[in-house]
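Enquirer: using only what follows, build the 3D model:
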Amino acid sequence: MKEYLWYETVNGKDDLMQGDFIKECPIVIPPSEISDEVEVRIINYDVVTMSQSCDLIQRKLDLVLVCPIWPLSEFEKRSDFFKSRKGKEALRQGNVHGYHLLNKCEIDGFETEYLVVDFRSVYSVPFDFLVELSQKRGTRLRLLPPYREHLSQAFARFFMRVGLPVDIPPFK
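Expert: So this is what the prediction gives:
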């Protein structure tokens, strides 16, 4: 059976693409209430780029969508469910809306445990800022096909959900 690698590393000068990991990306968080003076918080997240590679390469975007990524061990702290085998298996099978599990990375110097992408926290970062930040950070991890497309599909499934006002009643 052919081996399909999950990740590769790319030079900081390489084009930004969907599935690129950016460490400690500053995210601006506006206040929850509006006032005359706006104080924002800045939180650094490890993120994965979610905008389409074709749009990034052709510079068709002013803002790039990113989602935070969490090591599974950190994600487990959110709920006892994710500490359980059942919870981890639900993540692995893609049965937990809003989250996507990525495999471990074993590339020297870029080792990770399993990673959880958080679709419930989507942020936009100015394109030029993110390009400069990725160049400054140097070599970065990139998710490879078909896993990058699988991530994109999971993201689309999460956002395309439609809640019906009246559902078909369960069969008895």
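Enquirer: can you tell me the closest non-neighbouring residue to residue 50?
Expert: What sits nearest to residue 50 in space, not counting adjacent residues and going by C-beta to C-beta, 6 or more residues apart in numbering, is residue 65, at 4.3 Å. In this view, the C-beta of every residue, glycine as well, is placed from N, C-alpha and C.
Enquirer: look up phi and psi at the one you found.
Expert: phi -80, psi 130 (degrees, to the nearest 10).
Enquirer: same check on residue 75?
Expert: phi -60, psi -30.
Enquirer: can you tell me how far it is from residue 37?
Expert: For residue 75, the distance to residue 37 (C-beta to C-beta, to the nearest Å) stands at 35 Å.
Enquirer: so between those two, which is more surrounded?
Expert: The residue with more neighbours, out of residue 75 and residue 37, is residue 75; 22 against 5, by other C-beta atoms under 10 Å.
Enquirer: low-confidence bits of this structure, can you list those?
Expert: Low-confidence segments of the chain, defined by pLDDT under 70: 1.
Enquirer: for it, longest helix please?
Expert: helix 147-159 (DSSP state H).
Enquirer: relative to the whole chain's centre, how far out is that helix?
Expert: 10 Å (C-alpha atoms, centre = their mean, to the nearest Å).
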